[in-house]
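*Asks:* how would this look folded up:
(2 chains)
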Amino acid sequence: MTREEQVKEVGRRAGARVVGIAAVEAFRAKVPEGYRPEDILPGARSVVVAGGDGPTAGAWRSPDHRVMEITGYDLRENVAVHAMCDFIETTLSYRAIQAPSLPVHGHEPPMSMMHAAELAGLGTRSLAAHIILNPEYGLLYYAALITTLPLEPDPPLAEPACPHPGCAAMYKRIGTTPCLRVCPACLAGKVNDGRIQESTYDREKCHSRAQTYGIGSFQKGLLQIVNEDDPARRRTMIYGDFFTKSLQSLGFFRDSIAQCFECMRVCPVGRKYRKLQ
Amino acid sequence: MSPLPPNATATLKSVALKSGALVCGVADAAVFAARAPEKQRPDDLLPGARSVVVVGGAQPREGDWAATSPWVLQTMGTTERIQGVGRRLAQYIESELGYYALYVPPGTASGDTPFLSLMLAAELAGLGSKSLAGPVLNREHGFMYWSAVITTAPFESDRLEAEPACPAPPCREMWEREGTTPCLKTCPSSEGGCLSGKLENGRAVRTFYDAARCNTRVHTHWVGGFQKVLEETLNEPDRDRRKMLLYGDFFTRSLWAITYSSTNIAQCFECMRVCPAAHGLKEMK
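*Replies:* Alright, predicted model coming up:
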């Protein structure tokens, strides 16, 4: 087994659905200086990316919208990344860190997991909110590690996962795709010769819908509560479902990170894994 | 529809135990109709549901119960480990067996209403029965936390537990002697507590549990604690007192509880601490 296969096997055993490798040099073309892997870990040579499952097919099928609002994630990709880091440091004696992926300014993370997944050959950007789609599994969640271990990188995908042939055919017929049709508020785009020619994604609008309960809704609720002069109304707001669920989403139910999945619900990429008995 | 492979139920249970569950049982999804209110039945969450797989475990260890510091059980939660097992089983059922599986969210759908009662699911899966103190107790392991997966897979269901763990023999004796049991005595509703009940012929014939009152004690430092201090702070006109409220231990611990120590979901375990059926079932050195 090669080193690359060993590392990937450790990741898959820890729960990753897919694992890919990118060389740090690959980031230079699109990532500004100061945000590249070697700016985060001196001497970095490789980035290993793990993709983990999202909601189960059963969760997608639930008629109770609240199920997908508060649960559905395993977030095993983070566990897989830590398992691979441990393996690289303890067995192979190279440095390894989990790549920082949470926003530090506005919506900007120190390192883009979406870009890392693309460069590691795990998927390509889609018309649907630019979400990275894996050609086999569709929507996955990504985490990455940066390491000083030199590894043979995987090539980026030769063929994009989006648009799916069915969507390209639909665009030819009626000038839209399932995702563009289901959410014209957030998405727009053009398809030409079966390829994305143009794609617009209104992130601000999407954010307010996809993350109804979370840090943003906590801040929104808190501001309204603080600005409310009437103690009785304040009390209603503090103990109401909206603020309570926002608090829960920050804490115990912290895997609650999205509440709108409509563009992904209609996406055919990886759908075969959602068609069960 | 292709049938489940032979031994699918046994294999599933083996996966559950290897993943960290202490017990695993299966309830027929149809039996919930008689006991669960509408909108809280398996089929309401997953159309075509045939089974509910329940796993139990991740309870406080014997060392936790033996610890003399109240802060051990107040700040060290263990429940999240069993939720990880539930999630894993849902993925196993879908990827290995090809049936839909929905991991039941452990939180509430609205207010205090759960998506599906995990305690009822545990009872119907033959893993335990309700105690005078409220929690479902397993005969072998006592008090534990539960996680459940609703699935369209027709697993073989388990029978209800024939003999309840509660009341335990020492509690029955105590009832004969004193007209109470350890849990009823430690938290009597007649004296501001949460529990009352009655035994006849060694069986509970009446139980009462004040869930709302219990909630305010069990979740002292959780979401409710945060909301309480926030309201008090906003109602407080004095700046210095506001500062004390926000930096005080109560609010600080509430913040720890809902964020970093997010598994910390209970701070009162008194009814379980005194219960001979809840823990201490295995002799420890």
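
*Asks:* so which elements touch the lowest-mean-pLDDT helix or strand in chain A?
*Replies:* For chain A, the helix or strand with the lowest mean confidence is helix A:65-70, at a mean of 80 (criterion: mean pLDDT, DSSP states H and E). When contacts are defined as 3 or more Cβ pairs under 8 Å, 6 or more residues apart in numbering or on different chains; DSSP states H and E, helix A:65-70 packs onto helix A:57-61, helix A:241-250. Quick note: C-beta positions are derived from backbone N, CA and C, even for glycine.

*Asks:* which other residues reach whichever helix or strand comes after it?
*Replies:* Following helix A:65-70 in sequence order, the next helix or strand is helix A:76-90 (DSSP states H and E). For helix A:76-90, the external contacting residues (Cβ atoms under 8 Å, 6 or more residues apart in numbering or on different chains) are A:6-7, A:10-16, A:19, A:48, A:50-53, A:94-99, A:140-145, A:147, A:149.

*Asks:* the residues you listed in helices, which ones?
*Replies:* A:6-7, A:10-13 (DSSP state H).

*Asks:* which among these count as buried?
*Replies:* Neighbour counting with 16 or more other Cβ atoms under 10 Å in any protein chain shown marks A:7, A:10-12 as buried within the ones in helices among the contacts of helix A:76-90.

*Asks:* and for A:His105, the neighbour number?
*Replies:* Close neighbours of A:His105, defined as other Cβ atoms under 10 Å in any protein chain shown, add up to 7.

*Asks:* contacts with chain B among the buried ones among the ones in helices among the contacts of helix A:76-90, please.
*Replies:* Among these, proximity to chain B is found for none (Cβ under 8 Å from any Cβ of the partner chain).

*Asks:* same list, the helices and strands packed on helix A:65-70, but as TSV with mean neighbour count, distance to B:Ala27 and mean pLDDT please.
*Replies:* Putting the helices and strands packed on helix A:65-70 into TSV (neighbours: other Cβ atoms under 10 Å in any protein chain shown; distance: least, Cβ to Cβ, whole Å; pLDDT from 0 to 100) gives the following:
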stretch	mean neighbour count	distance to B:Ala27	mean pLDDT
helix A:57-61	23	16	91
helix A:241-250	21	27	86
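
*Asks:* any chance of these in TSV, plus distance to B:Glu270?
*Replies:* Shown next, in TSV, are the helices and strands packed on helix A:65-70 (distance: least, Cβ to Cβ, whole Å):
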stretch	distance to B:Glu270
helix A:57-61	37
helix A:241-250	25
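
*Asks:* quick one: closest of those helices to chain B.
*Replies:* helix A:57-61 (3.5 Å; Cβ to the nearest Cβ).

*Asks:* tell me what that closest one is packed against?
*Replies:* helix A:65-70, strand B:101-103.

*Asks:* contacts for that helix?
*Replies:* The contact list for helix A:57-61 (Cβ under 8 Å, 6+ apart) reads A:67-68, A:71-72, A:261, A:265, A:273-276, B:46-47, B:90, B:94, B:100-103, B:150-152.

*Asks:* with just CA atoms, put that helix into PDB.
*Replies:* Extracted in PDB, the C-alpha atoms of helix A:57-61 (Å, rounded to 0.1, in the frame of the first residue of the first chain):
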ATOM      1  CA  ALA A  57     -31.900   9.600   2.300                       C
ATOM      2  CA  GLY A  58     -34.500   9.000   5.000                       C
ATOM      3  CA  ALA A  59     -34.000  12.500   6.300                       C
ATOM      4  CA  TRP A  60     -34.400  13.900   2.800                       C
ATOM      5  CA  ARG A  61     -37.700  12.000   2.600                       C
END
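
*Asks:* can you count the residues close to residue 16?
*Replies:* All of this refers to chain A. Neighbours around A:Ala16, by other Cβ under 10 Å: 28.

*Asks:* that was the other one, I meant chain B.
*Replies:* Neighbours around B:Ala16, by other Cβ under 10 Å: 26.

*Asks:* hang on, the earlier thing: could the ones in helices among the contacts of helix A:76-90 go into a markdown table alongside distance to A:Ala80?
*Replies:* As requested, these are exported to a markdown table (distance: Cβ to Cβ, whole Å):
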| residue | distance to A:Ala80 |
| --- | --- |
| A:Gln6 | 14 |
| A:Val7 | 10 |
| A:Val10 | 8 |
| A:Gly11 | 4 |
| A:Arg12 | 7 |
| A:Arg13 | 8 |
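
*Asks:* mind checking the end-to-end distance for stretch B:115-135?
*Replies:* 18 Å (Cα to Cα, to the nearest Å).

*Asks:* what parts of the stretch 101-250 of chain B come near chain A?
*Replies:* So far as Cβ under 8 Å from any Cβ goes, the stretch 101-250 of chain B lies against chain A at B:101-103, B:105-111, B:115, B:150-153, B:222-223, B:226-227, B:230-231, B:234-235.

*Asks:* pick out the residue nearest the middle of the chain.
*Replies:* Picking chain A for this. Centrality entry for chain A: nearest residue to the mean C-alpha point is A:Tyr141, 4.2 Å, by Cα atoms, centre = their mean.

*Asks:* for the stretch 51-200 of chain A, what lies in contact range of chain B?
*Replies:* So far as Cβ under 8 Å from any Cβ goes, the stretch 51-200 of chain A lies against chain B at A:53, A:56-59, A:61-64, A:66-67, A:70-72, A:74.

*Asks:* can you tell me which of these is closest to B:Gly126?
*Replies:* A:Gly58 (22.7 Å; Cβ to Cβ).

*Asks:* what residue in the stretch 151-277 of chain A comes nearest to chain B?
*Replies:* Counting by Cβ to the nearest Cβ, the stretch 151-277 of chain A gets nearest chain B through A:Gly251, at 3.3 Å.
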